[in-house]
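In: Below is the structure, and that's it, no one-letter string:
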Ligand code: SF4
C-alpha cells in the first residue's frame, strides 16, 4: 500500500490533551457523536473512528477548542 492509499483508508480519531482541557464544552456541543463530558465538564473522547472524508469537519471542531487541547490522530481503517 502506498502513502496515498494509506491516507484514503486511514481512520481518524480525536484525541484530547487532558492537561490542556479546561472544560469549556465546545467539543461535545459541536460533535456529540464523538465527545461526552465527565462529571465536572471535561471532555471525554468516545471510541468512534471516522473516515478521512470527514477530516475538514473534524478540523473545525479542533479549531473550536479555545485551549488547543484537541488533535486528530490517524490509524488504519477498522482500528
Ligand atoms: S472544547 Fe477543548 S477545553 Fe473545552 S471541553 Fe472540549 S477539549 Fe476541553
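Out: Looks like it came in fine. For clarity, every value in this text was computed on a predicted model and none was experimentally measured.
In: From here on, just use CA atoms for contacts and neighbour counts.
Out: Noted.
In: Secondary structure of residue 28: a strand, I assume?
Out: No. Counting by DSSP: H, G, I helix; E, B strand; the rest coil, residue 28 is not found in a strand; it is helix.
In: Report pLDDT for residue 75.
Out: You'll see residue 75 listed with a pLDDT of 82.
In: That one touches residue 12, doesn't it?
Out: Yes. Between residue 75 and residue 12 there is a contact at 6.5 Å, judged by C-alpha atoms under 8 Å.
In: the more surrounded of these two?
Out: residue 12 (23 against 14; other C-alpha atoms under 10 Å).
In: so what's that one up against?
Out: 49-52, 55, 72-75 (C-alpha atoms under 8 Å, 6 or more residues apart in numbering).
In: What pairs with whichever strand or helix holds it, parallel or antiparallel?
Out: Per DSSP states H and E, residue 12 falls inside strand 11-16. Strand pairing for strand 11-16, determined by DSSP bridges: strand 50-51 (antiparallel), strand 70-75 (antiparallel).
In: can you list the residues of the chain near the ligand?
Out: Contact residues, the chain versus the ligand (C-alpha under 6 Å from any ligand atom): 16, 21-27, 42-43, 65-67, 69-70.
In: Can you tell me which of these are buried?
Out: 16, 21, 23, 25-27, 42-43, 65-66, 69-70 (16 or more other C-alpha atoms under 10 Å).
In: Can you give me the neighbour number for the closest residue to residue 38 other than its chain neighbours?
Out: Nearest in space to residue 38, with sequence neighbours left out and distances taken as C-alpha to C-alpha, 6 or more residues apart in numbering, is residue 44 at 6.3 Å. By other C-alpha under 10 Å, 16 other residues sit near residue 44.
In: Now do the one helix or strand residue 44 maps to: everything it contacts.
Out: Using DSSP H and E, residue 44 falls within strand 43-45. Contact with strand 43-45 is made by 14-16, 18, 21, 23, 25, 27-28, 34-38, as judged by C-alpha under 8 Å, 6+ apart.
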